[in-house]
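Q: Have a look at this fold, sequence not included:
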Ligand SMILES: Cc1ncc(COP(=O)(O)O)c(C=O)c1O
């Protein structure tokens with residue numbers, strides 16, 4: 001008859017039934033006890049190990065609960081075969097055609113990576129952020145260890161309301177504002193709360209792929225609307241007959257134009273006439289070069305038609321995964337109850353730390369510092385392009401933000417991307433932001449510059465110039 005003799009520590013901290021359960025579980029997992037065998041009866045094993053019957057029974061019950069054994073009709077327990085799913089094992093060998101993603105990143109990350117989305121990691125205020133994180137962790141457990149307010153930490157919402165008032169002219173109450181985990185999450189929340197999947201939505205063409213992806217996957221009926229020199233075409237928007245539009249007026253993504261005040265007013269007028277909604281994505285308006293500040297659409301929105309989206313990904317840190325949504329009061333009143341059924345997606349610890357970062361004035365100082373840094377990087381990049389590449393290229397959309405497009409005249413981006421790799425540089429095609437990617441002009445490449453120093457930008461452009469035009 002099957003029996004076993006584990007070494008149990010009767011004077012230790014770990015209860016005996018857990019020690020026994022773990023011992024038997026290990027024997028099953030390592031194949032020493034195989035499927036189909038019966039465990040000794042509770043009485044027999046208790047006698048053998050000089051344990052109480054309760055201890056053995058508790059260990060067996062745990063094995064039963066976790067699916068390692070089944071109990072038989074006439075008493076006793078039988079070991080079950082291990083399911084693949086129950087015992088996931090890391091594959092030892094990988095398919096050579098699918099190298100692990102982290103290796104790809106590491107091995108292929110070039111020296112000069114013009115990736116859009118990188119910020120100046122080299123200038124990140126680590127010490128201040130660490131002290132805010134540490135202080136957040138020391139806060140009363142009730143405020144940071146639970147789920148938190150579904151709308152987000154109130155004090156953080158207060159700080160953000162003040163920030164958008166001072167920097168973007170937006171007047172809102174903290175209860176009109178709720179925290180989301182990045183712009184894609186914000187969009188999916190808006191669609192769910194307002195039921196927008198049942199209505200057509202217009203979007204700039206080309207337009208931000210991140211948002212387009214969410215809207216498509218949620219089953220929204222998308223209407224791409226072409227751009228003019230100053231942003232979305234209002235005439236084309238009228239002809240779609242839709243009532244909801246997503247726009248990036250302060251820095252159109254990816255083309256980069258800034259919508260002038262007159263057009264903003266006409267767009268608001270469009271929304272007022274049809275009781276429509278404008279979703280304004282104001283993702284990088286902190287960083288403006290050579291252009292006048294223009295109030296956000298939300299700041300001009302007297303009739304409550306604008307939903308405002310803001311994010312900390314550019315101004316502070318993509319890894320915070322923290323953004324915010326400001327709803328018009330009528331919409332907020334409509335969805336408040338629904339919203340209370342959602343758990344807040346951003347960790348209260350991160351919310352708390354960002355609140356402290358703002359409260360101590362670190363955030364305002366950081367944004368001021370980053371404005372100077374990105375301004376310098378932007379100048380280094382555009383000067384280098386003009387001096388080195390001259391008439392061979394046209395710079396598109398360089399008034400603000402952390403990326404620009406380059407029209408490399410009469411060339412195609414497949415070749416340009418490949419040549420760039422040869423000199424340890426990486427540039428990108430913006431084609432995924434077009435509704436039909438093949439409609440993106442093939443001479444366009446996209447350069448993000450937030451993550452490269454002035455020197456790297458100059459050296460990178462130097463290399464691109466040589467390999468694109470002088471080989
Ligand atoms: C148009 C646009 N909106 C928003 C974002 C920011 O997204 P998130 O808040 O998810 O980082 C980006 C940046 O990548 C963007 O290009």
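A: Looks like it arrived, so ask away. What you see is a predicted model; the values in this text were computed from it and never measured.
Q: Check which element follows the worst-scoring helix or strand of the chain on mean pLDDT along the chain.
A: The weakest-scoring helix or strand in the chain, judged by mean pLDDT, DSSP states H and E, is helix 101-108 (a mean of 53). Moving toward the C-terminus from helix 101-108, the next helix or strand (DSSP states H and E) is strand 112-113.
Q: Just give me how far that following strand sits from the chain centre.
A: Between the centre of strand 112-113 and the centre of its chain there are 22 Å (CA atoms, centre = their mean, to the nearest Å).
Q: pLDDT score assigned to the residue in the stretch 151-300 of the chain positioned nearest to the ligand?
A: Using CB to the nearest ligand atom, the closest approach of the stretch 151-300 of the chain to the ligand is made by residue 182 at 3.1 Å. For the C-beta atoms, the positions are set from N, CA and C on the backbone; glycine is no exception. The model reports residue 182 with a pLDDT of 98.
Q: Over to residue 290?
A: The score at residue 290 is 74. That number is its pLDDT.
Q: what's the distance between it and residue 399?
A: Distance of residue 290 to residue 399, computed by CB to CB, to the nearest Å: 6 Å.
Q: what about those two, which has more around it?
A: residue 399 (17 against 11; other CB atoms under 10 Å).
Q: so where does the residue of the stretch 1-150 of the chain found nearest the ligand fall, helix or strand?
A: Here the stretch 1-150 of the chain gets closest to the ligand at one residue, residue 117, 5.1 Å apart by CB to the nearest ligand atom. Using DSSP H and E, residue 117 maps to neither a helix nor a strand.
Q: still on that earlier bit, my guess is the residue of the stretch 151-300 of the chain closest to the ligand meets residue 310, correct?
A: No - in this structure residue 182 lies outside contact range of residue 310 using CB atoms under 8 Å: 11.2 Å.
Q: and for the two, which residues touch both?
A: residue 323 (CB atoms under 8 Å, 6 or more residues apart in numbering).
Q: Comparing these two, which residue is more hemmed in?
A: The residue with more neighbours, out of residue 182 and residue 310, is residue 310; 30 against 19, by other CB under 10 Å.
Q: what sits opposite the more buried one in the beta ladder?
A: As for beta bridges, residue 310 partners with residue 324 under DSSP bridges.
Q: contacting residues for it?
A: Counted by CB under 8 Å, 6+ apart, residue 310 has contacts 160, 164, 168, 282-283, 323-324, 326.
Q: Recalculate using a threshold of 10 Å.
A: 160, 163-164, 167-168, 170, 177, 180, 183, 186, 280-283, 285-286, 296, 298, 322-326 (CB atoms under 10 Å, 6 or more residues apart in numbering).
Q: Show only the entries of those found in strands.
A: Within these, residues falling in strands by DSSP state E are 177, 180, 280-281, 323-326.
Q: For residue 395, which three-state class applies?
A: Assigned by DSSP: H, G, I helix; E, B strand; the rest coil, the conformation of residue 395 is strand.
Q: Is it correct that it is in contact with residue 256?
A: Yes - Residue 395 is within contact range of residue 256, at 9.3 Å (criterion: CB atoms under 10 Å).
Q: who touches both of these two?
A: Counting by CB under 10 Å, 6+ apart, the contacts common to residue 395 and residue 256 are 404-405.
Q: Give me every residue in the chain that's in contact range of the ligand.
A: 117, 182-184, 208, 248, 253, 281, 283, 311, 313, 318, 323 (CB under 6 Å from any ligand atom).
Q: Just the buried subset of those, please.
A: Buried members of those, counted by 16 or more other CB atoms under 10 Å: 182-184, 208, 248, 253, 281, 283, 311, 313, 318, 323.
Q: Just give me the closest of these to residue 469.
A: Nearest to residue 469 out of those is residue 253 (CB to CB; 28.2 Å).
Q: The closest one belongs to a helix, doesn't it?
A: No - assessed with three-state DSSP, residue 253 is coil; it does not lie in a helix.
Q: still on that earlier bit, let's have the residues of the chain next to the ligand in JSON lines, adding distance to residue 338.
A: Listed next are the residues of the chain next to the ligand as JSON lines, based on distance: CB to CB, whole Å:
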{"residue": "117", "distance to residue 338": "31"}
{"residue": "182", "distance to residue 338": "20"}
{"residue": "183", "distance to residue 338": "20"}
{"residue": "184", "distance to residue 338": "19"}
{"residue": "208", "distance to residue 338": "26"}
{"residue": "248", "distance to residue 338": "27"}
{"residue": "253", "distance to residue 338": "29"}
{"residue": "281", "distance to residue 338": "22"}
{"residue": "283", "distance to residue 338": "25"}
{"residue": "311", "distance to residue 338": "23"}
{"residue": "313", "distance to residue 338": "26"}
{"residue": "318", "distance to residue 338": "28"}
{"residue": "323", "distance to residue 338": "19"}
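Q: who touches both of residue 290 and residue 399?
A: By CB under 10 Å, 6+ apart, the residues touching both residue 290 and residue 399 are residue 378.
Q: which parts of the longest strand seen in the chain are buried?
A: If you go by DSSP E, the chain has its longest strand at strand 221-228. Across strand 221-228, burial judged by 16+ other CB under 10 Å covers 222-225, 227.
Q: Ok, stretch 16-24 next?
A: Result for stretch 16-24 [16+ other CB under 10 Å]: buried residues 16-17, 19-21, 24.
Q: Now do the contacts for the closest residue to residue 111 other than its chain neighbours.
A: Using CB to CB, 6 or more residues apart in numbering and skipping the chain neighbours, the partner closest in space to residue 111 is residue 424 (4.4 Å). Residue 424 makes contact with 109-113, 459-460, 463, 467, according to CB under 10 Å, 6+ apart.
Q: Please apply the same query to residue 177.
A: Contacts of residue 177 (CB under 10 Å, 6+ apart): 151-152, 156-158, 160-161, 164, 170, 308, 310, 324-327, 332.
Q: what about 6 Å?
A: The contact partners of residue 177, by CB atoms under 6 Å, 6 or more residues apart in numbering, come to 157, 161, 324, 326.
Q: who's in contact with the closest residue to the first one other than its chain neighbours?
A: For residue 157, ignoring the flanking residues on the chain, the nearest one in space by CB to CB, 6+ apart is residue 174 at 3.9 Å. The neighbours of residue 174, taking CB under 6 Å, 6+ apart as the test, are 157-158, 161.
Q: Kindly report the same for residue 288.
A: With CB under 6 Å, 6+ apart, residue 288 has these contacts: residue 400.
Q: what about it, distance to residue 268?
A: Counting by CB to CB, the gap from residue 288 to residue 268 is 21 Å.
Q: Over to residue 53?
A: Distance of residue 53 to residue 268, given as CB to CB: 77 Å.
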